[in-house]
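Asker: Sharing a model that was predicted from the sequence below.
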Amino acid sequence: MDNKSCCSDMGSPIHSPFKVPNTVSLVAGVGDANNPLNAFDMALLDAGIGNLNLIRISSIMPPKAEVIPLPKIPMGSLVPTAYGYQTSDVKGETVSAAISVAIPKDKELCGLIMEYEGICGKKEAEDTVRNMAKEGFEMRGWEIDKIISIASEHVVENIGCAFAAAALWYK
Amino acid sequence: MDNKSCCSDMGSPIHSPFKVPNTVSLVAGVGDANNPLNAFDMALLDAGIGNLNLIRISSIMPPKAEVIPLPKIPMGSLVPTAYGYQTSDVKGETVSAAISVAIPKDKELCGLIMEYEGICGKKEAEDTVRNMAKEGFEMRGWEIDKIISIASEHVVENIGCAFAAAALWYK
Amino acid sequence: MDNKSCCSDMGSPIHSPFKVPNTVSLVAGVGDANNPLNAFDMALLDAGIGNLNLIRISSIMPPKAEVIPLPKIPMGSLVPTAYGYQTSDVKGETVSAAISVAIPKDKELCGLIMEYEGICGKKEAEDTVRNMAKEGFEMRGWEIDKIISIASEHVVENIGCAFAAAALWYK
């Protein structure tokens, strides 16, 4: 249950041709449409990342990554992104999605991104996802500097979607 | 609900080390096997992309990308791909998957890839996915040059899978 | 149903800017927590890849890739990974996940990674996933040199997760 991925005895790290991202940007949005995928697309547009190719990742903020507002990213770019979303076709139902990032005190360590989605209000989703980030740091035995988060909430009209994401990028 | 991802005020775009793909190829296939993953694998082989590592993306055709037949891609390559698939273990049931790409009149804009899958015929899947692409362009307030699409359909024997994809690549 | 992805008539292969990985490492782990995502995160930590950004891939071992123990990979790296996992909130239930890799006799060909997860024991999961790899090679008409595999098993306490993965990397 330790951070084996960063402390094996196999010598110096092997860097890949994929440069490790050094920025993280939190965004959220909502959409409503005639089908789940268009509602999802609309929520991405609302969040400001609808014209990008999101590559879903399993949710680590690289060490020393800077938290910044979403930068200008060329359309169609491949953007490593952790995200949560909730769709529903039940009119009047409230859907929410939330993202949190726990940032470590020790700047040599990575941050942890957590996502949560549900048939619930925004506050519940955001509280939940912040607790999840805290729990993830406790598992690692690491100290938190701070937790940042974002959430969205939507009352379904036709088919609705709430979306929240942490997009990793480069500066 | 606008295309914030390409019009922020943060100065010139920040390019990532991931080169933006400049080709898109539509493929489709079907498979039938003893379990869902082998049926999926068989459908990928049938579509001509079974020996590649598909990285699922959230469905944008980069601006000016060229629509071409699937190029020769080395086995094991990491290929950004939007896809839909439907598996079923109900003998005699018809499964379908479809992909569409809405290509913009304004060549500075990106295209939109939509996927759809269901327990239905190929025509229904393809009609649906073309409408989804149209709806996505309407949301953006963009004009469509044309919509291209592909679909597959399969009557389940044991465990069946229909698959359709838009693979992004480079020339 | 053939390997069209490597035998089109479009001339020499087009290489992407993503270098094809040349190592594969099998890992597995388990976790238990208050919610599915923390249990998943804990299982990843247990497997030694909890501080990485996994990019899920559709499961091919590139030709001539070397099977090695998990190398030291910098935290936050984007790591192409095939994986399976099973979560459950039923106390006392056994969850398992397994990964296999069929390695070809012909070293110009790729290997096939299969994943399986279920409410079952580790042995059942591992036997199943090895058969799936065998079936995938039969579909391709290729001869197997050997199959390697790994599996994990966990009896759920609160919310449990079993995880198994093949991580691709570079040397």
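Answerer: Happy to help now that I have it.
Asker: wait, residue A:137 sits on residue A:146?
Answerer: No. Contact criterion C-beta atoms under 8 Å: residue A:137 and residue A:146 do not qualify, at 11.1 Å. C-beta: built from backbone N, CA, C; applies to glycine.
Asker: who's more crowded, these two?
Answerer: residue A:137 (21 against 11; other C-beta atoms under 10 Å in any protein chain shown).
Asker: after the helix or strand containing that one comes which helix or strand?
Answerer: Assigned by DSSP states H and E, residue A:137 belongs to helix A:122-140. Heading C-terminal from helix A:122-140, the first helix or strand you meet, by DSSP H and E, is strand A:144-155.
Asker: Rounded mean pLDDT for that following strand, please.
Answerer: Across strand A:144-155, the average pLDDT comes to 98.
Asker: tell me which residues in that strand are buried?
Answerer: A:144, A:147-154 (16 or more other C-beta atoms under 10 Å in any protein chain shown).
Asker: Please list which of these are also close to chain B.
Answerer: Checked against chain B using C-beta under 8 Å from any C-beta of the partner chain, these yield no neighbours at all.
Asker: Partner strands of the helix or strand containing residue A:116 and their direction?
Answerer: Residue A:116 belongs to strand A:111-118 when assigned by DSSP H and E. Sheet pairing of strand A:111-118 (DSSP bridges) gives strand A:60-61 (antiparallel), strand A:94-104 (antiparallel).
Asker: Who are the packing partners of the very next helix or strand once past the shortest one?
Answerer: Sequence order places strand A:66-67 as the next helix or strand after strand A:60-61, per DSSP H and E. Identification of packing neighbours for strand A:66-67 by 3 or more C-beta pairs under 8 Å, 6 or more residues apart in numbering or on different chains; DSSP states H and E yields strand A:23-33.
Asker: starting at the chain centroid, how far to the strand it packs on?
Answerer: Taking C-alpha atoms, centre = their mean, to the nearest Å, one finds the center of strand A:23-33 at 9 Å from the center of the full chain.
Asker: Output the below-cut-off pLDDT ranges for chain A.
Answerer: A:1-17 (pLDDT under 70).
Asker: What parts of it come near chain B?
Answerer: So chain A meets chain B at A:17-19, A:31, A:33-35, A:37-38, A:41-42, A:44-46, A:48-56, A:69-79, A:169-171 (C-beta under 8 Å from any C-beta).
Asker: Now do stretch A:45-52: distance to the chain's middle.
Answerer: With C-alpha atoms, centre = their mean, you get 14 Å for stretch A:45-52.
Asker: Contacts for the strand holding residue A:116 next, please.
Answerer: A:24, A:59-63, A:65, A:82-86, A:95-104, A:124-125, A:128-129, A:132-133, A:136-137, A:140, A:162, A:164-166, C:37-38, C:41 (C-beta atoms under 8 Å, 6 or more residues apart in numbering or on different chains).
Asker: now, which of the residues of chain A next to chain B lie within helices?
Answerer: A:37-38, A:41-42, A:44-46 (DSSP state H).
Asker: Quickly check those residues for the two that are furthest apart.
Answerer: A:37 and A:46 (14.8 Å; C-beta to C-beta).
Asker: nearest spatial neighbour of the residue of chain A found nearest chain B, skipping sequence neighbours?
Answerer: Proximity of chain A to chain B (C-beta to the nearest C-beta) peaks at residue A:76, 2.7 Å away. What sits nearest to residue A:76 in space, not counting adjacent residues and going by C-beta to C-beta, 6 or more residues apart in numbering or on different chains, is residue B:62, at 2.7 Å.
Asker: Enumerate every residue touching the one you found.
Answerer: Residue B:62 touches A:53, A:74-77, B:20-22, B:110-111, B:168, counting by C-beta under 8 Å, 6+ apart.
Asker: follow-up on the earlier one: wouldn't the residue of chain A closest to chain B be in contact with residue B:23 here?
Answerer: No. Between residue A:76 and residue B:23 there is no contact under C-beta under 8 Å: 11.7 Å.
Asker: which neighbours do those two share?
Answerer: residue B:65.
Asker: who has more neighbours, the two?
Answerer: residue A:76 (27 against 19).
Asker: Got phi/psi on that one?
Answerer: Reported as degrees, to the nearest 10, the phi and psi values for residue A:76 are phi 80, psi 0.
Asker: quick one, phi/psi of the closest residue in space to residue A:22 that isn't next to it in sequence?
Answerer: Nearest non-adjacent residue to residue A:22, counting by C-beta to C-beta, 6+ apart: residue A:65, 5.2 Å away. Main-chain torsions, residue A:65, degrees, to the nearest 10: phi -60, psi 140.
Asker: For residue A:65, grab the count of nearby residues.
Answerer: 23.
Asker: before we move on, back to that, got JSON lines for the strands paired with strand A:111-118, with mean neighbour count too?
Answerer: Formatted as JSON lines, those follow (neighbours: other C-beta atoms under 10 Å in any protein chain shown):
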{"stretch": "strand A:60-61", "mean neighbour count": "30"}
{"stretch": "strand A:94-104", "mean neighbour count": "27"}
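Asker: would TSV of the ones you listed with distance to residue A:120 be doable?
Answerer: TSV is the format used below for those (distance: least, C-beta to C-beta, whole Å):
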stretch	distance to residue A:120
strand A:60-61	25
strand A:94-104	5
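Asker: returning to what we had before: isn't the residue nearest to residue A:22 right next to residue C:75, touching?
Answerer: No. Contact criterion C-beta under 8 Å: residue A:65 and residue C:75 do not qualify, at 10.4 Å.
Asker: For chain C, what's the nearest residue on chain A?
Answerer: residue A:62 (2.7 Å).
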